[in-house]
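Colleague: give me a model of this one.
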Amino acid sequence: MIGACALILAAPAGLLDSGAAELRAWIDANWKPRAIEVDRRWLALGEVAAVFALGGAALLLARGRRRRSALTRELASQSGRAAASDGEHAQLAARWDAWIDSRYPLVFRGDAAGAPLALEDRIGGGAMLDAAQWIGGSFEASLEREHRVALRAWVQRAQAGDPPAEPLEVLAHGVTAQARWFELWLRLVEGGTGAPGIDGIGRDITERREVELERSVQAAIEGEWFRNASLEVALLRVLRSLAQTMFCQYVELWWLDDRYEVLHAGECWHAGGAELEAFARNFRNRSFGKGVGLAGRTWADAAPVRIENLANEIDPRCARLAEAGPFASALGLPIRIGDRILGVAVLLSASRPMAPATEERLDRIGAQLGRLVDRKRSERAVSGSEARKNAMLESALDCVISIDELGRIVEFNPAAERTFGRARSDVLGKVMVDLLVPDDYRERHLEAFQRCLGPGGERPGGRRLELEGLRGDGSRFPVEISVTSIHVGDTPSFTAYLRDITDRKELDRLKDELVSTVSHELRTPLTSMRGFVELLLEREFSPEDQRQFLGIVDTEIKRLGKLIDDFLDLQRLEAGKLDYVFDRQSLRPLIEEAVRMFEHTSDRHSYALALADDELPVSVDADRMRQTLRNLISNATKYSPDGGTVTIGAEIRDDKVRVSIRDQGIGMDAATQKKLFTRFYRADSTATRRIGGTGLGLALVKEIIEAHDGTVGVKSKPGEGSEFWFALPLARGDA
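Modeller: Okay, here's the model as predicted:
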């Protein structure tokens, strides 16, 4: 019973006219129960519900101490109005007596200190308790520790004249019996020697408390059901709730590893304290096989294993728990789904024995925990899958764009943001075709999209197509796209994997040009050499002519050698195998040497030096710097087909040595300048088509200068010549 005392009295038909007040006054004046005296002091200490079905009239009596005094005055003022016979009085008293006996069959007597304890089972309602196991001990000593504290607090309040109006619910341990829960209504009574004693009635509420235990675990599980917590944290919170209800101070969680047939340590919880903390530190160093220790036995039995007294346990690994920690009893609880064991929870208690719970109820709790584990593992799998998907989308180099059945964008990864120049937040929920597809492709896209809708719609087979995309700035670019569809019922969604192939298209163009250029560059010297060799073989020439012809063949051989060297150097650069030997030296002699190599190579060109008077100290690989200077001077000569002066200058500017090669050639526009240092790139114009070259020289220059921690660039205008420059760090002291 919870709350205030409620006495529901139903008077016989002959007493109804006299009123309920007279009946209550008669009961107060004439009825005495066998076990305890029901007086006004008793009514102040507890709540006892009584039901008398006599004629069907029901009256609700007031509750609490304040209403009791009013009830007393009312009963006293109307006591003369009762008009019931002695037989009716006896019948009413017998019914009250029978109800009390059936509801509260146990009687406790003892002194205020709780000893000795006398227990009487008046009608056998406590027959499940062996009275011999309970009588003769100390009332206080038989209680769980915190309930001993509650009993002392009750005695102190009762002695102070303010006894609690609620019953005590206590967990009591018999001498050898299993622990039981009791509900006790107590009062202080004056003893014969003047010392107060305890008098009371009670009943066994173990079954009710076990039901409450199961419900509390279920409520804890439901509380963790949708909470965003890891499996171990959620399960430990539920097990902690179970442990606290059963007066356990320590919980271990063990997971079954099916691959190796062993239980591995998961997580643990304890109520605190140095002794429990020390015991918990060794938790992760242990594991159990099937049938070994309490966890292994629980796994093998696939049922709860309860040890009421660890000190007397024959299994040495279980008995060791009493030695290693402050534990008196233990419980192994299998966590399962159906017949499959997922893990084992071990609960350890300093009490002997711990709070009662039937094996069937514990087994149901283990099944509830198994469902929680299954759900959390499913959530973890989904969460892991989602995390992996997000990681792939975030790190994907290709664009990933998903649309729903209405053509609205539902996924737009970072690569798509970079490629299309649109933020994800700006495109989600928008119609894809309006944002990303050029006008002249939209009608074709919508027709293909409509064919994929509906139960019998087409399903894209992942074929690769080359189309055009539309950037946020309105520019168009070539894309390679592959589309897949996912159908949930009749509702489809589509995901496109898209790649910007602008660079690939440009590379293809450059490769085509390379093939054309290289074939031309190779064919020209080979044709020349073949022609002169055939002349020398077929005809007789003077020594002077032979020397001239052989000189031309030698020049063409050197030209082929340079072409091959450029290819090999480029390959080494790409593979990172081009070695550099850096030495501190002046750049002046390297520039002068390079210019002398070109002074007599062309009648239409002149070469001028504009070098500062400074030393121009740098740390360079001399051979690679010679190659860089030759390539730049050769390039300036080649793209000045009408001749002119090539000026090579050098100066110190901003702690760098800046070298420039300026020509008076055909120049170039800004678009060409952006691509000029790209491998295999050659300007495509009428003025440059007749000029040979592989497009490798400037690419090599860029690679070499950057390997020296320098920078390279060009300034030019069509028809006004070009100035190529590079800057190297100024060397200070010894390199």
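
Colleague: okay, now the domains of the chain?
Modeller: Structural domains annotated on the chain: 7-103, 106-204, 213-381, 396-500, 504-569, 579-729, as defined by automatic domain parsing.

Colleague: residue 390: which of the ones you listed is closest?
Modeller: domain 396-500 (9.1 Å; Cβ to Cβ). Using the backbone N, CA and C atoms, a C-beta is placed for each residue, glycine as well.

Colleague: in JSON lines, list the domains of the chain along with mean pLDDT, distance to residue 387 and mean neighbour count.
Modeller: Output for the domains of the chain, formatted as JSON lines (pLDDT from 0 to 100; distance: least, Cβ to Cβ, whole Å; neighbours: other Cβ atoms under 10 Å):
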{"stretch": "domain 7-103", "mean pLDDT": "42", "distance to residue 387": "56", "mean neighbour count": "16"}
{"stretch": "domain 106-204", "mean pLDDT": "70", "distance to residue 387": "45", "mean neighbour count": "17"}
{"stretch": "domain 213-381", "mean pLDDT": "86", "distance to residue 387": "10", "mean neighbour count": "18"}
{"stretch": "domain 396-500", "mean pLDDT": "85", "distance to residue 387": "15", "mean neighbour count": "15"}
{"stretch": "domain 504-569", "mean pLDDT": "76", "distance to residue 387": "32", "mean neighbour count": "13"}
{"stretch": "domain 579-729", "mean pLDDT": "84", "distance to residue 387": "39", "mean neighbour count": "17"}
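
Colleague: in this protein, what residue sits furthest out from the centroid?
Modeller: For the chain, the C-alpha farthest from the mean C-alpha position belongs to residue 542; by Cα atoms, centre = their mean, that distance is 88.6 Å.

Colleague: what's the spacing between that one and residue 413?
Modeller: Residue 542 sits at a distance of 75 Å from residue 413 (criterion: Cβ to Cβ, to the nearest Å).

Colleague: and residue 473, by the same measure?
Modeller: Residue 473 sits 20 Å away from residue 413, going by Cβ to Cβ.

Colleague: before we move on, what about residue 236?
Modeller: 37 Å.

Colleague: again with residue 336
Modeller: Residue 336 is 42 Å from residue 413, by Cβ to Cβ.

Colleague: same check on residue 606?
Modeller: 58 Å.

Colleague: what of residue 615?
Modeller: 55 Å.

Colleague: could you name the helices and strands sitting against the helix or strand harbouring residue 320?
Modeller: Assessed by DSSP states H and E, residue 320 sits inside helix 316-324. Under the contact criterion of 3 or more Cβ pairs under 8 Å, 6 or more residues apart in numbering; DSSP states H and E, helix 316-324 touches helix 293-301.

Colleague: tell me which other helices or strands the helix it packs on touches.
Modeller: Using 3+ Cβ pairs under 8 Å, 6+ apart, helix 293-301 sits against strand 250-257, strand 262-270, strand 287-288, strand 305-307, helix 316-324, strand 329-337, strand 340-349.

Colleague: 6 Å instead?
Modeller: Secondary-structure packing of helix 293-301 (3 or more Cβ pairs under 6 Å, 6 or more residues apart in numbering; DSSP states H and E): strand 329-337, strand 340-349.

Colleague: reformat the domains of the chain as a markdown table; add distance to residue 390.
Modeller: Shown next, in a markdown table, are the domains of the chain (distance: least, Cβ to Cβ, whole Å):
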| stretch | distance to residue 390 |
| --- | --- |
| domain 7-103 | 59 |
| domain 106-204 | 49 |
| domain 213-381 | 15 |
| domain 396-500 | 9 |
| domain 504-569 | 28 |
| domain 579-729 | 35 |
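
Colleague: mind checking which of the ones you listed is nearest residue 389?
Modeller: domain 396-500 (9.6 Å).

Colleague: the closest one: how far from the chain's middle?
Modeller: 30 Å (Cα atoms, centre = their mean, to the nearest Å).

Colleague: repeat for stretch 657-677
Modeller: The answer for stretch 657-677 is 54 Å, by Cα atoms, centre = their mean.

Colleague: identify all contacting residues around that stretch.
Modeller: Residues outside stretch 657-677 that contact it (Cβ atoms under 6 Å, 6 or more residues apart in numbering): 587, 616, 618, 632-633, 636, 639-640, 644, 646-651, 681, 683, 687, 698-699, 702, 714, 716-728, 730.

Colleague: from those residues, which land in strands?
Modeller: Among the contacts of stretch 657-677, the ones falling in strands (DSSP state E) are 618, 644, 646-651, 714, 716, 722-728.

Colleague: any idea where the strands of the stretch 451-600 of the chain begin and end?
Modeller: 465-470, 476-488, 491-500, 583-586 (DSSP state E, counting those that start in this stretch).

Colleague: any chance of those strands in TSV with distance to residue 208 as columns?
Modeller: As requested, the strands of the stretch 451-600 of the chain are exported to TSV (distance: least, Cβ to Cβ, whole Å):
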stretch	distance to residue 208
strand 465-470	71
strand 476-488	48
strand 491-500	51
strand 583-586	94
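
Colleague: closest one to residue 269 among those?
Modeller: Evaluated with Cβ to Cβ, the strands of the stretch 451-600 of the chain place strand 476-488 nearest to residue 269, the distance being 41.6 Å.

Colleague: got the angle for that closest one vs strand 491-500?
Modeller: 150 degrees (axes from the mean of the first three to the mean of the last three Cα atoms, to 10 degrees).

Colleague: pull up the pairing partners for strand 476-488, direction included.
Modeller: Strand 476-488 pairs in its sheet with strand 465-470 (antiparallel), strand 491-500 (antiparallel), by DSSP bridges.

Colleague: how about residues contacting that strand?
Modeller: Residues contacting strand 476-488 (Cβ under 6 Å, 6+ apart): 438, 459-460, 462, 464-470, 492-502, 505.
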